[in-house]
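S.K.: Task: produce atomic coordinates for the following.
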Amino acid sequence: MLVNFGRIVLGTVILSGYGPLLAVVAFVSSAVTQAGFVSTAAAQADPTCAPGVHWDTLNPPLIHQPFKSAKVVQPISKDKPYELSAEFVTATIAGCKVSLRSYNSPANVQRDFLVGDTIKAKPGDTLYIRLTNNLPDRAVGDDFPQHPAPAGHAGHFSFNITNLHTHGLHVAPNGPLGKPESDNVFVEIAPGATQDYEIKIPLNHPSGTFWYHAHLHGSTAVQVSSGMSGALVIEGGGATNGELKTIPEIAAAEERIFVLQQLVFGPDGKLEDFKSGFIDHPEWARDTTVNGQAVPTLKLRPGEVQRWRFVHAGISERIDLALDEHKLYEVAVDGISLDRIVPWDQVELGPGNRTDVLVKAGAPGTYSLRAKPLPLLASFKSLRSAARLSAVRNQDETPQDIIARFPQRIEVSPGDLIARIVVEGDPLEMKLPTPDQLKKAVPEFKPISDTEIKLPPEEVLFNMRGRRCDSNTGLCAPPNCLPGTPDCEQRFLAGPRGDQVFMPDTGRTFQLNQTSKWLLDGVGEAHVFHIHVNPFQVDRAEPDSVTDKRIWRDTLIIINSEAPKPIWTRYLDFTGSFVMHCHVLSHEDRGMMEKITIKP
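M.R.: Below is the predicted model of the structure:
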């Protein structure tokens, strides 16, 4: 059951492994103010910046502006690397002036929205990127500024130290010693420092939709939730790369890139540190933006087919995309084309996921692209906020007791409004591709069979535990308390038994060309599994199909009420160290990550 108190959604959720949970969506308004979470003075700073303001309650010109696309860059010249700057960027979102960490570049010196440039390249290219950290020397609220970090974090910790990850690319995790780096997330770029990247894209790399974002462990959630992300598109290969533009019907379709962000900021339009935005004020989470815009307007003609590339660049919230009265015809997942067209009523995306869909416009009219509400499984935002609410309730109080304390009318939440779609003008007669055409445009990936697996499965358990520590002695008891209760530390763990916090010097080791089966499971909240460098195969249910279909992807929602989820992967082409982790970034930052090393 989902219930809505004003703009607070509560639901009693029963999931295997964690019993009754009170789910509270963190888009909080007046009722939360009454509960004491938001100060009156802060709420009066700017009405459009106040926590709990939903885009669909606003009017133009604050919303419904024409759809904006990020600038496109092709950083493939060694003599002229792409100059990317991490800095505080001032922008306006739905009337609220914000100052947040984002990316800037000479290609977009007049940036007025919080999304990085779109990087484009083709298989066989090398990306030359020069990342300069122009963030201040120290971030407000840093617990460990420029000093050795506690266990479970990078070597040095500050919210203004950064680096770069190319999410989903099958590229080397490390650069040659003494030369520019590749996709190395262990690099630390301090304020004022510059790091060169040379990322070589294999000739057989899939053509598809990927993305890039900050990835310094301990600072990732703060930086990505501020806007430090952008789309990365590999295109121009042949049919054996899965290049969908080799199909005339797709090549003729206008293309749109949607970078879906879940920005976090306070009433003053700022996010200084992790504690303020993710622990003290979960209600600072905002509705989903598209390329930094609140509910932009796209126009299509009746019968027109467009290709929409979606990047879930958010940090925690699952998004189920749905377009009123239209199917979303999926043709690629996580940058890898399918051999078929999948007609979804709604497409599920976890943080880090991508999907390419074709949309064929129907009758003239105005339609809504929405993130549909989630039945019973509950959203990450809801579950994260449950711990917040549990801290202010009596220990013996049930979820029903808490619900009874709120007198507002109960109604079902309609979900976030993401974009406004206007169909108008003279009709077009555009066609969708046929199954036979799509079967000819898939990457040359060899399916993995169980006969290749020579070792027992790798097990992963994403786990959340509470422990109580003595403030005088520093001694900690075994897991024995409910996170959110006084003096109870919440720990975010991974490993085969869900009892390990991330340590940069330990992890799992595999051999080059080895094939593995993994079993994925989670406890405490919904989680999202992501592994760098190599994609994996996984089975999923699809509409109009009696049996599950096996697909390639690099990021996967783990539903904790189910049995452990099997996946299959190969460690091809590259040796070195990288990571696998939960892509709910506030989980990753607090230790839910493991180091992976591939040896020759």
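S.K.: hey, let's count contacts and neighbours off CA atoms from now on
M.R.: Noted.
S.K.: Next, the contact list for residue 353, please.
M.R.: 311-313, 333-334, 554-556 (C-alpha atoms under 8 Å, 6 or more residues apart in numbering).
S.K.: Model confidence for it, exactly?
M.R.: What the model reports as pLDDT for residue 353 is 98.
S.K.: quick revisit: could you tell me which of the contacts of residue 353 belong to helices?
M.R.: Among those, no residue falls in helices (DSSP state H).
S.K.: out of these, which are inside strands?
M.R.: Under the assignment DSSP state E, the contacts of residue 353 contribute 311-312, 333, 555-556 to strands.
S.K.: quick revisit: out of the contacts of residue 353, which is most surrounded?
M.R.: residue 313 (32 neighbours; other C-alpha atoms under 10 Å).
S.K.: could you measure that residue against residue 220, distance?
M.R.: 12 Å (C-alpha to C-alpha, to the nearest Å).
S.K.: With residue 429 instead?
M.R.: 45 Å.
S.K.: Looking at the two now, which is surrounded by more residues?
M.R.: More neighbours surround residue 220 than the other of residue 429 and residue 220, with 24 against 10 (other C-alpha under 10 Å).
S.K.: Who are the contact partners of that one?
M.R.: Contacts for residue 220 (C-alpha under 8 Å, 6+ apart) come out as 214, 585-586, 589.
S.K.: which two from the residues you listed end up farthest apart in space?
M.R.: Greatest spatial distance in these: 214 and 586, 13.4 Å, computed using C-alpha to C-alpha.
S.K.: Who has more neighbours out of these two?
M.R.: A side-by-side neighbour count of residue 214 and residue 586, using other C-alpha under 10 Å, places residue 214 first with 26 against 22.
S.K.: circling back: pick the one among the contacts of residue 220 closest to residue 274.
M.R.: Checking the contacts of residue 220 against residue 274 with C-alpha to C-alpha, the nearest one is residue 586 at 8.4 Å.
S.K.: Stretch 521-529: how far from the chain's middle?
M.R.: Averaging C-alpha positions (C-alpha atoms, centre = their mean, to the nearest Å) puts stretch 521-529 14 Å from its chain's average.
S.K.: got the end-to-end distance for that stretch?
M.R.: Taking C-alpha to C-alpha, stretch 521-529 runs 9 Å from one end to the other.
S.K.: what is the mean pLDDT for that stretch?
M.R.: For stretch 521-529, the per-residue pLDDT averages 88.
S.K.: again with stretch 99-110
M.R.: Stretch 99-110 comes out at a mean pLDDT of 79.
S.K.: same thing with stretch 57-77?
M.R.: On average, stretch 57-77 scores 94.
S.K.: for that stretch, which positions count as buried?
M.R.: 58, 62-65, 67-70, 72, 74-76 (16 or more other C-alpha atoms under 10 Å).
S.K.: contact partners of it?
M.R.: The contact list for stretch 57-77, computed with C-alpha under 8 Å, 6+ apart, reads 55, 81-82, 93-95, 107-108, 115-121, 125-129, 256-257, 291, 293-298, 419-420.
S.K.: Can you say which of those residues are buried?
M.R.: Burial by neighbour count, judged by 16+ other C-alpha under 10 Å, picks out 55, 81-82, 93-95, 115-121, 125-129, 256-257, 291, 293-298, 419-420 from the contacts of stretch 57-77.
S.K.: wait, which of the ones in strands among the contacts of residue 353 is closest to residue 51?
M.R.: Distances from residue 51 to the ones in strands among the contacts of residue 353, taken by C-alpha to C-alpha, are shortest for residue 312, at 22.0 Å.
S.K.: for the closest one, which residues make a bridge with it?
M.R.: residue 260 (DSSP bridges).
S.K.: got it, and the one 10 residues further on?
M.R.: According to DSSP bridges, the residues that bridge with residue 322 are residue 370.
S.K.: If I look at it, what pLDDT would I see?
M.R.: 96.
S.K.: so it makes contact with residue 328?
M.R.: Yes: the criterion here is C-alpha atoms under 8 Å, and residue 322 meets it with residue 328 at 7.5 Å.
S.K.: Overlap of the contact sets of the two?
M.R.: 345-347.
S.K.: Among these, which lie within helices?
M.R.: Among those, no member lies in helices (by DSSP H).
S.K.: returning to that earlier point: for residue 50, state which of the buried residues of stretch 57-77 is nearest.
M.R.: Using C-alpha to C-alpha, the buried residues of stretch 57-77 come closest to residue 50 at residue 58, 12.6 Å.
S.K.: Mind listing what's buried along stretch 581-600?
M.R.: Residues of stretch 581-600 classed as buried by neighbour count (16+ other C-alpha under 10 Å): 581-598.
S.K.: got the end-to-end distance for it?
M.R.: This stretch, stretch 581-600, spans 23 Å end to end (C-alpha to C-alpha).
S.K.: What distance separates the opening and closing residues of stretch 200-213?
M.R.: One end of stretch 200-213 to the other measures 18 Å (C-alpha to C-alpha).
S.K.: Residue 349 reaches residue 319, doesn't it?
M.R.: Yes: look at residue 349 against residue 319 with C-alpha under 8 Å: they come within range, at 5.1 Å.
S.K.: Who has more neighbours out of those two?
M.R.: The neighbour comparison of residue 349 against residue 319 (other C-alpha under 10 Å) goes to residue 319, with 26 against 23.
S.K.: Counting neighbours, what do you get for residue 131?
M.R.: Neighbours of residue 131 using other C-alpha under 10 Å come to 23.
S.K.: Also residue 547?
M.R.: For residue 547, using other C-alpha under 10 Å, the count is 11.
S.K.: Tell me the secondary structure at the spatially most central residue of the chain.
M.R.: In the chain, the centroid-proximal residue (C-alpha atoms, centre = their mean) is residue 351; its distance is 2.5 Å. What DSSP: H, G, I helix; E, B strand; the rest coil gives for residue 351 is coil.
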